[in-house]
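Enquirer: sequence and computational prediction follow.
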Amino acid sequence: ISTNTPTAELQALDAAHHLHPFTHAAALNKKGARIITRAEGCWLTDSEGNRILDGMAGLWCVNVGYGRRELADAAHRQMMELPFYNTFFQTSHVPAIALSTKLAELAPGTLNHVFFAGSGSEANDTNLRMVRAYWMQKGQPERQWIISRWNGYHGSTVGAGSLGGMKPMHTQGVPTIPGIAHIDQPNWWSEGGDLSPEEFGLERARQLEAKILELGPENVAAFIAEPVQGAGGVIVAPDSYWPEIQRIVKKYGILLIADEVICGFGRTGNWFGSQTLGIQPDIMTIAKGLSSGYQPIGGSIVSDEVAEVIGSMEFNHGYTYSGHPVACAVALENLRILEEDGIVDRVREDTAPYLKTKFEALAEHPLVGEAKIVGMMGSIALTPDKASRAAFASEAGTVGLICRERCFANNLIMRHVYDRMILSPALVISKSEIDTLIDRAWQCLDETHAKLKAEGMM
Ligand SMILES: Cc1ncc(COP(=O)(O)O)c(CNc2cccc(C(=O)O)c2)c1O
């Protein structure tokens, strides 16, 4: 089979043999998957020849856009030179050395050491083991608890899935692993009630201090959080949140892990979301934009202090593909493109401000309650009543799904998270493509609104 195989045949084979992530297979197989065959810049082509504007950069990851030949060439060169060797057993290789050196240069503060993995989930599993080992090595083995947030997302391995706060992932027969506690998320739109955003931000941040005191400060190892929650619906915390979190982690001397899998590599207008939000983490989780998704790679960038402690023991952890040479070579070339094409600077100075103005104007639509965007990651909250910030009477996600279907019908990809619509385009999106994207978003919202009224759903 090939990209020229008829769609129906591809869909039948897909239904017969291929199991998809986070999918109800029987339902998908009834309608058949959409087959994406090619992509260029911000545009996808499917097996029916439709050209689709990808408002999600794949899965928040194709930061430099599709079709960058330099990345394919980097992969080919490396494959011809050294297609694989491991970094276990006292060995290393140029791609892993070069990439970790580049990341140390780009990362803020003393974040100068990189432990590689094949994905963001695996990197967060590294962090789980690393922070526990760190405190054992420091002579405080009772510091076991790791605190994270409900509706935070840190991946899908058993460890990362436990760190995350997506309850449906904790109810499939694999409970969360011991030693992980969750506090509430800083989602003012859905959970702020009558508090102002500023009051709410402080209240939610202070849940961390309350949880630390409940567990006993001497028993707490770390706090993990996304600078801006991504898969949770692009939840932008009120301005009062992060300074308070920073104060609390410093006060109790616990490690701060910033999960930059989505926020990293220009997504928020700086190299890292931590820089945009004013966070000083001890560890940063990276993946996605690290290679723009052209190769599977993730990692943990850790501080001099953490590296020194971990480095004074046999750290019994790692993966076959930790520092895979081809993945590292492609990631390095990807960072070179981001830097030399000035993409991160142009996002911050030019295209993100342009997008922000047009994106926030979506809040004028009758269906849209709030529109929040940081750099190139934004979300709108759909609501039947803006003033009360009410949820729809239908099951959460029903309206979001309708709107997503309207997007596909209009050859635009936006993700829905319950009844929020998400945007996270490639960082190379042009102003005219932003105009097209926003025009289509308005169209989708109008069609969704019409459908809801026709069906008496609002
Ligand atoms: C903040 C964060 N941390 C870790 C991971 C896990 O990375 P891997 O998937 O490479 O193991 C993620 C991944 N985020 C992610 C992955 C797949 C789908 C969606 C979605 O929003 O639909 C989001 C993420 O967003």
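Expert: Sure, I can see it. Numbers count the residues shown, from 1 in each chain.
Enquirer: need the contact list for the residue of the chain found nearest the ligand.
Expert: Nearest residue of the chain to the ligand, counting by CB to the nearest ligand atom: G120, 2.4 Å away. The C-beta positions use only the backbone N, C-alpha and C, and glycine is treated the same way. Shown in contact with G120 (CB atoms under 8 Å, 6 or more residues apart in numbering): H154, G155, A160, D259, V261, T285, I286, A287, K288, G298.
Enquirer: again, only using 7 Å
Expert: G155, V261, T285, A287, K288, G298 (CB atoms under 7 Å, 6 or more residues apart in numbering).
Enquirer: which of these sit farthest apart?
Expert: Pairwise distances among the contacts of G120 were taken by CB to CB; the largest, 11.3 Å, belongs to G155 and K288.
Enquirer: ok, those two, which is more surrounded?
Expert: K288 (28 against 25; other CB atoms under 10 Å).
Enquirer: and the residue nearest to that one when sequence neighbours are not counted, how far from Q78?
Expert: Distance criterion CB to CB, 6 or more residues apart in numbering; nearest residue to K288, sequence neighbours excluded, is C61 at 3.6 Å. Distance, C61 to Q78, using CB to CB, to the nearest Å: 20 Å.
Enquirer: and stretch 397-413, what's its mean pLDDT?
Expert: Computed over stretch 397-413, the mean pLDDT rounds to 97.
Enquirer: an error on my part: the question was meant for stretch 340-358.
Expert: Rounded mean pLDDT across stretch 340-358 is 98.
Enquirer: now that stretch: buried residues?
Expert: Neighbour counts over stretch 340-358 (16 or more other CB atoms under 10 Å) mark I343, V344, V347, R348, T351, A352, L355, K356, K358 as buried.
Enquirer: quick one: residues contacting the closest residue to the first one other than its chain neighbours.
Expert: For I343, the nearest residue in space outside its immediate sequence neighbours is L427; the separation is 5.2 Å by CB to CB, 6+ apart. Counting by CB under 7 Å, 6+ apart, L427 touches N63, V64, G266, I343, V347, M376.
Enquirer: quick one: the strands in the stretch 51-200 of the chain?
Expert: All strands of the stretch 51-200 of the chain, identified by DSSP state E, counting those that start in this stretch, fall at 51-54, 111-117, 145-149, 180-183.
Enquirer: dump these to JSON lines, plus mean neighbour count.
Expert: Formatted as JSON lines, the strands of the stretch 51-200 of the chain follow (neighbours: other CB atoms under 10 Å):
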{"stretch": "strand 51-54", "mean neighbour count": "19"}
{"stretch": "strand 111-117", "mean neighbour count": "24"}
{"stretch": "strand 145-149", "mean neighbour count": "24"}
{"stretch": "strand 180-183", "mean neighbour count": "19"}
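Enquirer: need these in CSV (columns: mean pLDDT).
Expert: Conversion of the strands of the stretch 51-200 of the chain to CSV gives the following (pLDDT from 0 to 100):
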stretch, mean pLDDT
strand 51-54, 98
strand 111-117, 98
strand 145-149, 98
strand 180-183, 98
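Enquirer: dump those strands to a markdown table, plus distance to Q207.
Expert: Shown next, in a markdown table, are those (distance: least, CB to CB, whole Å):
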| stretch | distance to Q207 |
| --- | --- |
| strand 51-54 | 36 |
| strand 111-117 | 27 |
| strand 145-149 | 9 |
| strand 180-183 | 4 |
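Enquirer: could you dump the ones you listed into JSON lines with distance to the ligand added?
Expert: Below are the strands of the stretch 51-200 of the chain laid out as JSON lines (distance: least, CB to the nearest ligand atom, whole Å):
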{"stretch": "strand 51-54", "distance to the ligand": "13"}
{"stretch": "strand 111-117", "distance to the ligand": "9"}
{"stretch": "strand 145-149", "distance to the ligand": "11"}
{"stretch": "strand 180-183", "distance to the ligand": "15"}
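Enquirer: nearest spatial neighbour of N270, skipping sequence neighbours?
Expert: That would be T276: by CB to CB, 6+ apart, it lies 4.8 Å from N270.
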